[in-house]
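Undergrad: Below: sequence and its predicted model.
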2 protein chains.
Amino acid sequence: MSDPIRVAYQGEPGAFSEGAAKRMLGASISGVPCRTFEEMFATVVRGDAVCCVAPIENSLAGSIHRNYDLLLETELTISGETNLRIVHNLIAGSTIPVSELRRVYSHPVALAQCAKFLAANPAIEAMPMHDTAGAVRMVVEGGRPEEAAIASAEAAAIYGGSILASGIEDDPQNFTRFLLMTRHGAPPLIESPRKWKTSIVFRMPNKPGSLFRAIAAFALLDIDLAKIESRPVHGKPWEYSFYLDLIGAVTEPKVARALDNLSSMAEMVKVLGSYPTRW
Amino acid sequence: MSDPIRVAYQGEPGAFSEGAAKRMLGASISGVPCRTFEEMFATVVRGDAVCCVAPIENSLAGSIHRNYDLLLETELTISGETNLRIVHNLIAGSTIPVSELRRVYSHPVALAQCAKFLAANPAIEAMPMHDTAGAVRMVVEGGRPEEAAIASAEAAAIYGGSILASGIEDDPQNFTRFLLMTRHGAPPLIESPRKWKTSIVFRMPNKPGSLFRAIAAFALLDIDLAKIESRPVHGKPWEYSFYLDLIGAVTEPKVARALDNLSSMAEMVKVLGSYPTRW
């Protein structure tokens, strides 16, 4: 039996990113927790992990722009994606009534997604931290009965916390899309006969109709677009890089032709990856 | 002489938003400082200010998504825009050598934009705060000689701080675009014969080619697009609202025709405002 795959992710064990990694690669991975997204990408670049799992978009909060920027800056390729339902749990060190809580720790996005719960419990102060699972560890180790965390059920299990309430998010239509990133030329981690996606980033000359022509390159060949996102180009105020997700693999002739047509018009085109989706 | 116009903005006196307001409306405005963007919009809705000035996009950090969401949620209209060069200054309570500083306070985006200065001065710890001008006030009032703030020259003047270094941002191509927001039907605040822009938000049916057809509605009539931005639709994972800025006023026949064509295809179109640009 081979060694488990080393997978870098941002956060501590029990992070939602770790859950996404297990969904894509199976339960027996070896996690490499990282403090920041930059550290996570760098860990894969220097070979201390085979891959990393980057949250790229939440269905309520929107795109995670730092990771869009890192996709462009780093020489890694997208090798897979998944989509995780985010369920927020109120977790304390022991089973006590919610009315006795005074502080709850979590990532600012998680706190924002539980705004109605917090509004209904005004005695509890929301305390931002950089990590959901790290908040559980701190609360369980700290031993202060008036403190709790908001995180995944996995984090409660790992650190021995008690789930006081489950599903406390405002909106159950809460999903995060994660990308699996590897080095170029790495052997595929996911074998799948299912739908493929391709992610690209491009810049067009700054003249009228540029974006229309870029999108036409795909529409004319009946290629579906799943997502478009713009990010500023540093040093060129009010010019943008466009990130596009399209349905299909770069090995399909019509996708290859559309990318070729785009390249003939664009200032820059970079294929960020062509990958099976495990949706 | 009439009373000065009451203008709401996020931050304390000396904030970059206040500078943008003066650039659009003249130096004799009456500022209404607000703690959050939500409070700023609400101040105009309930009539406690005639207008507000919302940063919408920075040429390095990208769009300010909370304000994109508030544009859609709030019944205000865009009545003008401007573009402000952001110059960051290191400001202390008294003139001391930079080498004696230990902590510097500012908004996280301002701290990030001065990353090279902070890396060159590792003895200084970066301390995030919700406001640049508020950081200057705190540092000047606090009287601790080892503390400084990063903010505008106006903030130094208002609170009596000393500028220890000016232009400490990494990249001088640092501009923020601000929108002037008023209630619907309010008399125009800016008279201008210059270029007009129109900002809209729309949702298309979730089927192939939708975005292409939406953009074609403008391209076919030779209408230039200045910006496109997507934001998630709550309750409908992986569907998006698109925000589009186009060159021209809604009163121009071709713009009216393009919006009419878009409306015939879209699930929703909302005109956020048609306004002169003071660029």
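TA: Happy to help now that I have it. Numbering: from 1, shown residues only, chains lettered A, B, ... in the order given.
Undergrad: For A:Arg66, give me phi and psi.
TA: phi -60, psi -40 (degrees, to the nearest 10).
Undergrad: Against B:Leu111, how distant is it?
TA: 15 Å (C-beta to C-beta, to the nearest Å). (C-beta placed from N, C-alpha, C; glycine too.)
Undergrad: Walk me through the domains of chain A.
TA: Domain assignment for chain A by automatic domain parsing gives A:6-85+A:174-183, A:89-166, A:196-273.
Undergrad: follow-up on the earlier one: so which of A:Arg66 and B:Leu111 has more stuff around it?
TA: B:Leu111 (21 against 13; other C-beta atoms under 10 Å in any protein chain shown).
Undergrad: Now do that one, the pLDDT please.
TA: Note on B:Leu111: pLDDT of 93.
Undergrad: And for A:Pro276?
TA: If you check A:Pro276, the pLDDT there is 88.
Undergrad: Distance check, A:Arg85 against chain B.
TA: To chain B, A:Arg85 is 9 Å away according to C-beta to the nearest C-beta, to the nearest Å.
Undergrad: isn't that residue right up against A:Asn174?
TA: Yes. With contact defined as C-beta atoms under 8 Å, A:Arg85 counts as touching A:Asn174 (6.9 Å).
Undergrad: Which residue of those two possesses the greater neighbour count?
TA: Shown here are A:Arg85 and A:Asn174; by other C-beta under 10 Å, A:Asn174 has more neighbours (22 against 14).
Undergrad: right, and the more buried one touches A:Leu84 too?
TA: No. Checked against C-beta under 8 Å, the pair A:Asn174 and A:Leu84 is beyond contact range at 9.6 Å.
Undergrad: Quick one: neighbours of A:Asp69, just the number.
TA: Using other C-beta under 10 Å: A:Asp69 sits among 17 other residues.
Undergrad: Also the one 10 residues further on?
TA: Using other C-beta under 10 Å, A:Ser79 has 22 neighbouring residues.
Undergrad: That one: helix or strand, and which one exactly?
TA: For A:Ser79, the element it lies in under DSSP states H and E is strand A:76-85.
Undergrad: Direction included, what does the helix or strand just after that strand pair up with?
TA: Next helix or strand after strand A:76-85 toward the C-terminus (DSSP H and E): strand A:89-92. Applying DSSP bridges, strand A:89-92 is found paired with strand A:147-151 (antiparallel), strand A:162-166 (antiparallel).
Undergrad: Isn't A:Arg35 up against A:Gln10?
TA: Yes. Counting by C-beta under 8 Å, A:Arg35 does reach A:Gln10; the two are 7.4 Å apart.
Undergrad: Can you tell me how far A:Ala92 is from A:Ser166?
TA: Per C-beta to C-beta, A:Ala92 is found 13 Å from A:Ser166.
Undergrad: Between these two, tell me which one has more neighbours.
TA: Between A:Ala92 and A:Ser166, A:Ala92 has the larger neighbour count (other C-beta under 10 Å), namely 25 against 13.
Undergrad: bridging residues for the more buried one?
TA: With DSSP bridges applied, the residues forming beta bridges to A:Ala92 are A:Ala148, A:Ser162.
Undergrad: List the residues that contact it.
TA: With contacts defined as C-beta atoms under 8 Å, 6 or more residues apart in numbering or on different chains, A:Ala92 is in contact with A:Leu101, A:Val139, A:Pro145, A:Glu147, A:Ala148, A:Ala149, A:Gly161, A:Ser162, A:Leu164.
Undergrad: Could you give the number of residues near the first one?
TA: This means A:Leu101. Neighbours of A:Leu101 using other C-beta under 10 Å come to 19.
Undergrad: The second one too?
TA: Residue neighbour count, defined by other C-beta under 10 Å, stands at 25 for A:Val139.
Undergrad: Next up, the contacts around it.
TA: A:Ile91, A:Ala92, A:Gly93, A:Tyr105, A:Glu147, A:Ala148, A:Ala149, A:Gly161.
Undergrad: Likewise for the fourth one?
TA: Taking C-beta under 8 Å, 6+ apart as the contact definition, A:Glu147 lies against A:Ala92, A:Gly93, A:Leu101, A:Arg102, A:Arg103, A:Val104, A:Tyr105, A:Val139.
Undergrad: With the last one instead?
TA: For A:Leu164, the contacting residues are A:Leu90, A:Ile91, A:Ala92, A:Thr95, A:Ile96, A:Val98, A:Leu101, A:Ala148, taking C-beta under 8 Å, 6+ apart as the criterion.
Undergrad: Now do it against B:Glu154, distance only.
TA: A:Leu164 sits 48 Å away from B:Glu154, going by C-beta to C-beta.
Undergrad: List the buried residues of the host helix or strand of A:Val255.
TA: Using DSSP H and E, A:Val255 sits within helix A:253-265. Within helix A:253-265, the residues scored as buried using 16 or more other C-beta atoms under 10 Å in any protein chain shown are A:Val255, A:Ala258, A:Leu259, A:Asn261, A:Leu262.
Undergrad: Make JSON lines out of the contacts of A:Glu147 and add pLDDT and secondary structure.
TA: What follows is the contacts of A:Glu147, written out as JSON lines (pLDDT from 0 to 100; DSSP: H, G, I helix; E, B strand; the rest coil):
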{"residue": "A:Ala92", "pLDDT": "97", "secondary structure": "strand"}
{"residue": "A:Gly93", "pLDDT": "96", "secondary structure": "coil"}
{"residue": "A:Leu101", "pLDDT": "97", "secondary structure": "coil"}
{"residue": "A:Arg102", "pLDDT": "97", "secondary structure": "coil"}
{"residue": "A:Arg103", "pLDDT": "96", "secondary structure": "strand"}
{"residue": "A:Val104", "pLDDT": "96", "secondary structure": "strand"}
{"residue": "A:Tyr105", "pLDDT": "96", "secondary structure": "strand"}
{"residue": "A:Val139", "pLDDT": "97", "secondary structure": "helix"}
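Undergrad: Most widely separated two among those?
TA: Farthest-apart pair in these is A:Gly93 and A:Arg102; separation 13.5 Å (C-beta to C-beta).
Undergrad: the more surrounded of these two?
TA: Taking neighbours as other C-beta under 10 Å, A:Gly93 and A:Arg102 compare with A:Gly93 leading, 21 against 12.
Undergrad: SS state for the closest residue to the more buried one other than its chain neighbours?
TA: Counting by C-beta to C-beta, 6 or more residues apart in numbering or on different chains, A:Gly93 lies nearest to A:Val140, which is 4.7 Å off, once chain neighbours are set aside. For A:Val140, the secondary structure call by DSSP: H, G, I helix; E, B strand; the rest coil comes out as helix.
Undergrad: What count of nearby residues applies to A:Val140?
TA: Neighbours around A:Val140, by other C-beta under 10 Å: 21.
Undergrad: what's the closest non-adjacent residue to the residue of chain A most remote from its centre?
TA: Here chain A reaches farthest from its C-alpha mean at A:Glu100, the gap being 34.0 Å by C-alpha atoms, centre = their mean. Using C-beta to C-beta, 6+ apart and skipping the chain neighbours, the partner closest in space to A:Glu100 is A:Glu146 (6.3 Å).
Undergrad: tell me which parts of the stretch 51-200 of chain A are close to chain B?
TA: A:Glu57, A:Asn58, A:Ser59, A:Leu60, A:Ala61, A:Gly62, A:His65, A:Asp171, A:Gln173, A:Phe175, A:Arg177 (C-beta under 8 Å from any C-beta of the partner chain).
Undergrad: Thank you kindly, that will do.
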